[in-house]
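> let me see the structure of the following:
(one chain, ligands or ions: 1)
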Amino acid sequence: MFNPIELRKPSTLLEAVSDLATYGFDARIIAGNTALYELAAQGGLDDVHILIDSSRLGLDYIRSGTDGRLHVGATTTFSQLAKNKHCLQGRNAALGEAASRISPPQIRNMGTIGGSISIGLPFLDMPVTLLALDAEINVMSKDGRKTIKIDDFFVDYFTTALNPEDLITEIVFPEEDGSSEKKEEERGGNSQRSVGFSAFIKIGRTTVDFAVINCAVCLEIERHESKSKSPLVEKARVALGCVGNKPIRRRDIEALLENSELNRATIESAALLPVDFEPSPSIHASPSYKKKMITVSVREALYTLLDRMNSATPIS
Ligand SMILES: Cc1cc2nc3c(=O)[nH]c(=O)nc-3n(C[C@H](O)[C@H](O)[C@H](O)COP(=O)(O)OP(=O)(O)OC[C@H]3O[C@@H](n4cnc5c(N)ncnc54)[C@H](O)[C@@H]3O)c2cc1C
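Predicted coordinates:
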C-alpha cells in the first residue's frame with residue numbers, strides 16, 4: 001500500500017536534487033499529482049516513501065530566451081501553455097493545441113508539462129508533440145546539468161532516459177525561424193527564408209477521451225516572396241502516439257515531404273504511404289482501425305499546415 005512518510009518542500013533546485021540524490025528510488029517528485037495519484041491508487045507506488053514537492057522551485061514559466069528559443073519550465077501547467085501566445089503560433093502552435101485538447105479542465109489546471117513526459121505514457125498528448133517539435137529536455141541532478149534530446153528521451157512504457165536522481169528543469173524548443181539568417185547568408189542574401197509551422201491532431205472515442213491516435217507535425221519551409229509558389233519543405237518531423245511503447249516518428253513520410261512542394265498531391269501521397277507496422281491495440285481501437293486513423297490524422301495535420309502557411313503574412 002502507498003504509505004508516504006514525508007513530504008519534502010525544497011525551495012531551491014539544489015535542495016531538490018540533493019533530496020533526490022539522498023532518497024533515490026524511495027522518492028518521487030510530485031508536480032500536479034494527477035498521474036502519481038492514479039499510480040498510487042493502483043499500487044504502483046508501494047515502494048515510495050518520500051514525496052518531493054516541485055511547486056516552489058520557480059519552474060512555472062514560458063519565456064523566449066536570449067538564444068531565440070522558447071523555454072518552458074517543468075511545472076508549467078497545460079492551461080498556461082494553452083493560453084500563452086508563444087505556444088499558439090508558428091513553429092510552436094502544436095504545443096498550445098495539444099495542451100488545449102487535454103481534458104478535463106481540472107487536469108489542464110493541475111497537470112504539468114514535466115509530469116506529462118516523465119511518466120512515460122505513449123498515448124498522452126505532450127510526448128508526441130514534443131517529439132515533433134524537436135524539443136530538448138534540460139535536466140539537473142547533484143552531478144550537474146545535462147540536456148536530453150527528445151529523440152532519446154522516451155524508452156518504453158513508464159520508462160524514460162531519466163535516472164531516479166534526475167529533475168527536469170525545463171523543456172526548450174528550437175528557434176521559430178532560426179536557420180533563416182544562416183540560410184540567407186549561404187544563398188548570398190537572396191529573399192528565401194525558412195519558417196516553422198506545426199499542428200496537433202487528436203482522434204479519440206469522444207473529444208474528451210484519451211487519444212486513440214494522436215499526431216503532431218512540424219515543418220520548416222522555405223518561403224518565397226511570391227505567394228503563387230507552393231511552399232518548399234526543408235525539414236519535416238511527423239510524430240505519432242498511441243501506436244506502441246513510445247511515440248514514434250514516421251521517417252518515411254518525413255523523407256517524402258522534405259525537398260517537396262507542399263500541395264494537395266504531396267499531402268495525399270504522404271498520408272497514403274502504407275503503415276508498415278502493427279500499431280498496438282487498445283480497448284477502444286484495433287490495430288487495423290488505428291492504421292486508418294494514422295492516415296486520417298497525418299492528412300488532417302498536413303492540410304491544417306498548408307492552410308496556416310497560405311494564410312501566414314508574406315515574408316517581406
Ligand atoms: C482524469 C484524467 C484525464 C486525463 N486526460 C488527459 C488527456 O486528455 N491528455 C493527456 O495527454 N493526458 C491526460 N491525462 C494525463 C495527464 O496528462 C497526466 O496525469 C499529467 O500530465 C501528469 O502531470 P502531473 O504534473 O500531474 O505529474 P505528477 O502526477 O505530479 O507526476 C507524474 C510523474 O512525473 C514525475 N515528475 C513530475 N515532475 C517531474 C520533474 N520536474 N522531473 C522529474 N520527474 C518529474 C513524478 O515523479 C511522477 O513520476 C489525464 C489524467 C487524468 C487523471
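> so for the residue minimising distance to the centre of the chain, what's the pLDDT?
Geometric centre of the chain, nearest residue: residue 130, 1.9 Å, by C-alpha atoms, centre = their mean. Looking at residue 130, its pLDDT stands at 98.
> what of the one 10 residues further on?
What the model reports as pLDDT for residue 140 is 98.
> is there any residue in stretch 246-261 that contacts the ligand?
No - if you take C-beta under 6 Å from any ligand atom as the test, stretch 246-261 misses the ligand, and the best it gets is 11.3 Å. (C-beta placed from N, C-alpha, C; glycine too.)
> identify the residues contacting the residue nearest to the centre of the chain.
Listed by C-beta atoms under 8 Å, 6 or more residues apart in numbering, the contact partners of residue 130 are 117, 150, 153, 171.
> and the strands in the stretch 51-200 of the chain, which stretches?
62-64, 70-73, 136-141, 144-149, 154-156, 159-160, 167-173, 193-204 (DSSP state E, counting those that start in this stretch).
> for the fourth one, packing partners?
Read it as strand 144-149. strand 136-141 (3 or more C-beta pairs under 8 Å, 6 or more residues apart in numbering; DSSP states H and E).
> ditto for the longest one
For strand 193-204, the packing partners by 3+ C-beta pairs under 8 Å, 6+ apart come out as helix 93-101, helix 125-132, helix 180-186, strand 211-223, helix 287-311.
> isn't residue 148 right next to residue 154, touching?
No - proximity of residue 148 to residue 154 does not meet the contact threshold set by C-beta atoms under 8 Å, at 10.1 Å.
> and those two? Which one has more around it.
Neighbours were counted for residue 148 and for residue 154 using other C-beta atoms under 10 Å; residue 154 has more, 23 against 17.
> tell me who's in contact with the more buried one.
117, 120, 122, 127, 131, 160-161, 246-247.
> ditto for residue 132
Here residue 132 is in contact with 94, 198, 200, 216-218, 237-239, 249 (C-beta under 8 Å, 6+ apart).
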